[in-house]
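Student: Generate a structure from the sequence data that follows.
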Amino acid sequence: MSKTICLLVNPVAGSGGRIGNKGSDNLQIYNTETPSRILRFLNTAPKNANYIVAPREMGENYFKGSEVKYEVAKININTPTSREDTIKAVTYFIESKQCDIIVFAGGDGTARDVFSVVKDKLPILGIPTGVKMHSGVFTTNPESAGVLLRHFVEDKTEEILTEILDIDEQAYRQGKYVVKLYGYAKTVNYSNLLTPNKEEVINDKEELDEIAQYVIDTYLTSSNEVFVVGPGSTTKTILKKLGIESNFLCTDVIKNRQLLKSCVKYEELLGLTGELKLILTPIGKQGFLIGRGNQEIGPEFLRKLLKVSQGANRKDNIIIVSTRSKLNTFNCLRIDTGDPELDVLMRGVYKIIVGYGEFVAMKTCDITD
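Tutor: I've put the predicted structure just below:
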């Protein structure tokens, strides 16, 4: 008997990412990248399942003309949509008693809303389209969500419990990291398709100082290069040593050891000229280098950084820093630029600075099916 997948899309989720907003909970604009991410999901999603989808832009629109069999939930939704519509859709799914799993596209805010209704009744799975994705119910990218569901309908997945986490967005934008556990949700996993929940790592101050000093002495010596410094306490230690105060959740731009721009948006990065370098630190436990919490560092900027239009792939223009304690929480680097072709280009082995003149090599994750 074929399984039934109930699905909803939060079209607002992720709309704050490219503008450096660090969340979309209070926004009422749609994320223009969501349609392409849902189509990427549908390209790998199982065709031999039944789907019940939310109306219009919350699901139905993406299924029109597709090869899958679906029906539309009989509910009315607002324009623009809101969290009340998410809750209404999930309530309909539960009351229909037809769903084997509830799949949603969004971020942590959407995960919270879905979990508030589902509790422990059914497994849930997140297609990553949000800004904040600390919870452990999301796959690495849209394609891996579809692949994971293929294994689910073939009864090959294991059901696990994972944390539903979210942060205070207002405090987050002020540089305060306040995370709250909302409960433990059922989800499914196969191989490494599911991304672990984010974990905050306590870094050794001496290690941070050594890493920062090495970057300053080795890289920040040129007057011609422009350095884009991504979010994170590890990267911001570098700025602090230069006497630059910055919100650790922001992406900043420096040149000649001076701050050019703070808390930049994607479009501002696209306007940068000259020789570009990017300083990043991965996320604890998840291992994300690109695509979580730094969506302002978007695909066209990364192509410019890597000099792709010139036929090159200058991954050496990316300077990665991390303490050893953080590296011990994951075994590969995850990348989700929003452009699957660029994701492939960025695969490989990266050198990570872990001390003064000390390095660890780590490869990007091989997301298997």
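
Student: Just give me the neighbour total for Asn48.
Tutor: Close neighbours of Asn48, defined as other C-beta atoms under 10 Å, add up to 11. The C-beta positions use only the backbone N, C-alpha and C, and glycine is treated the same way.

Student: Identify the residues contacting it.
Tutor: Remark: with contacts taken as C-beta atoms under 8 Å, 6 or more residues apart in numbering, Asn48 is in contact with Ser2, Val153.

Student: Need the phi and psi values for Lys240.
Tutor: Phi and psi for Lys240, reported as degrees, to the nearest 10, are phi -60, psi -40.

Student: That one: neighbouring residues, count only.
Tutor: Residues near Lys240, counting by other C-beta under 10 Å: 15.

Student: what's the least confident helix or strand in this protein, going by average pLDDT?
Tutor: helix 169-173 (a mean of 66; mean pLDDT, DSSP states H and E).

Student: Following that one in sequence, what is the next regular element?
Tutor: Once the chain leaves helix 169-173, the next helix or strand it forms, by DSSP states H and E, is strand 179-189.

Student: What mean pLDDT does the helix or strand following that following strand get?
Tutor: Once strand 179-189 ends, the next helix or strand along the chain (criterion: DSSP H and E) is helix 205-218. Here helix 205-218 scores 97 as its mean pLDDT.

Student: contact partners of helix 205-218?
Tutor: Contacts of helix 205-218 (C-beta under 8 Å, 6+ apart): 233-234, 237-238, 240-242, 257, 279, 319, 321-325, 353-358.

Student: for the following helix or strand past it, packing partners?
Tutor: Per DSSP H and E, the first helix or strand lying C-terminal to helix 205-218 is strand 225-229. Under the contact criterion of 3 or more C-beta pairs under 8 Å, 6 or more residues apart in numbering; DSSP states H and E, strand 225-229 touches helix 233-241, strand 252-255, strand 275-280.

Student: so how far is strand 225-229 off the chain centroid?
Tutor: Strand 225-229 has its C-alpha centroid displaced from the chain centroid by 22 Å (C-alpha atoms, centre = their mean, to the nearest Å).

Student: Sheet partners, orientation included, of it?
Tutor: Its sheet considered, strand 225-229 pairs with strand 252-255 (antiparallel), strand 275-280 (parallel) by DSSP bridges.

Student: With distance to Pro196, mean pLDDT and mean neighbour count added, can I get those in a markdown table?
Tutor: Listed next are the strands paired with strand 225-229 as a markdown table, based on distance: least, C-beta to C-beta, whole Å; pLDDT from 0 to 100; neighbours: other C-beta atoms under 10 Å:
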| stretch | distance to Pro196 | mean pLDDT | mean neighbour count |
| --- | --- | --- | --- |
| strand 252-255 | 28 | 98 | 20 |
| strand 275-280 | 19 | 98 | 21 |
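
Student: Tabulate these (TSV), appending distance to Ile29.
Tutor: What follows is the strands paired with strand 225-229, written out as TSV (distance: least, C-beta to C-beta, whole Å):
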stretch	distance to Ile29
strand 252-255	25
strand 275-280	27
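
Student: rewinding a little: TSV for the helices and strands packed on strand 225-229, including distance to Lys64?
Tutor: TSV is the format used below for these (distance: least, C-beta to C-beta, whole Å):
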stretch	distance to Lys64
helix 233-241	43
strand 252-255	42
strand 275-280	39
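
Student: closest one to Phe41 among these?
Tutor: In terms of C-beta to C-beta, the element of the helices and strands packed on strand 225-229 nearest to Phe41 is strand 275-280, at 26.2 Å.

Student: ok, and what's touching the helix or strand just after that closest one?
Tutor: Per DSSP H and E, the first helix or strand lying C-terminal to strand 275-280 is strand 288-290. Outside strand 288-290, the residues that touch it by C-beta under 8 Å, 6+ apart are 195, 280, 282, 297, 302, 320, 333-337, 346, 350, 364.

Student: Among those, name the buried ones.
Tutor: 195, 280, 282, 297, 302, 320, 333-337, 346, 350, 364 (16 or more other C-beta atoms under 10 Å).

Student: Of these, which is the nearest to Gly271?
Tutor: Ile297 (13.9 Å).

Student: Report the contact partners of that closest one.
Tutor: Contacts of Ile297 by C-beta under 8 Å, 6+ apart are Val228, Gly230, Thr251, Tyr266, Leu269, Leu278, Leu280, Ile290.

Student: which of these lies closest to Ser66?
Tutor: Checking the contacts of Ile297 against Ser66 with C-beta to C-beta, the nearest one is Ile290 at 28.8 Å.

Student: Quick check, pLDDT for that closest one.
Tutor: pLDDT at Ile290 comes out at 97.

Student: burial measure for it, as a count.
Tutor: Counted with other C-beta under 10 Å, residues neighbouring Ile290 total 25.

Student: Which parts of the stretch 51-200 of the chain are strands?
Tutor: For the stretch 51-200 of the chain, applying DSSP state E, counting those that start in this stretch gives strands covering 69-72, 101-106, 124-128, 158-167, 179-189.

Student: can you give me the offset of the first one from its chain's centre?
Tutor: Distance, stretch centre to chain centre, for strand 69-72: 28 Å (C-alpha atoms, centre = their mean).

Student: same for that strand, what does it pack against?
Tutor: strand 50-53, helix 60-63.
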